[in-house]
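Q: coords please:
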Amino acid sequence: PSVNVSVWDEAAPLSYKGDQHEKPGAKLHHNTIGLARQHRFVVKDHLFQYDFFCNWEDDMVIHGDHIENYLEMTKELYRLRELAPDEKLDNRQGS
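A: Sure, this is the predicted structure:
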């Protein structure tokens, strides 16, 4: 398997400050408040090129072990879901 790690520089979207969009000569600026949603555009553009996407805050260090653990836990949760009863169990005693 191959792994691609990409860093998206200047990911902040461009927008006008506040109500400046209606004023003549208004200038665009990098809107860092909008960063939380920007990863969605990257995923959309590359959705069918990869099997797995992982998005992290820029101040986090992520190692291969973290991804491996995530994948193992996901597999285990799917396994447990298959073992779970189809209907909710009655928790009352003596019934």
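Q: C-alpha only now, for contacts and for neighbours.
A: OK.
Q: Count the neighbours of residue 28 for me.
A: Residue 28 has 13 neighbouring residues, counting by other Cα atoms under 10 Å.
Q: ugh, typo on my part, it should be residue 42
A: The burial count for residue 42: 13, using other Cα under 10 Å.
Q: Over to residue 15?
A: Residue 15: 15 neighbours (other Cα under 10 Å).
Q: Kindly state the pLDDT recorded for it?
A: Listed pLDDT for residue 15 reads 80.
Q: surely it meets residue 29?
A: Yes. Between residue 15 and residue 29 there is a contact under Cα atoms under 8 Å: 5.7 Å.
Q: tell me which element the residue nearest the centre of the chain falls in.
A: In the chain, the centroid-proximal residue (Cα atoms, centre = their mean) is residue 55; its distance is 4.6 Å. Per DSSP states H and E, residue 55 falls between elements, in no helix or strand.
Q: Thought residue 39 was touching it, still the case?
A: Yes. Using Cα under 8 Å, residue 55 is in contact with residue 39, at 7.2 Å.
Q: Residue 38 contacts residue 14, doesn't it?
A: No. Residue 38 sits out of contact with residue 14 when judged by Cα under 8 Å, with a separation of 11.2 Å.
Q: Run through the strands of the protein in chain order.
A: 14-15, 29-30 (DSSP state E).
Q: name the helices or strands packed onto the first one?
A: By that I understand strand 14-15. Strand 14-15 sits against strand 29-30, with contacts defined as 3 or more Cα pairs under 8 Å, 6 or more residues apart in numbering; DSSP states H and E.
Q: Parallel or antiparallel, which strands does the strand it packs on pair with?
A: strand 14-15 (antiparallel) (DSSP bridges).
Q: what's the offset of the strand it pairs with from the middle of its chain?
A: 22 Å (Cα atoms, centre = their mean, to the nearest Å).
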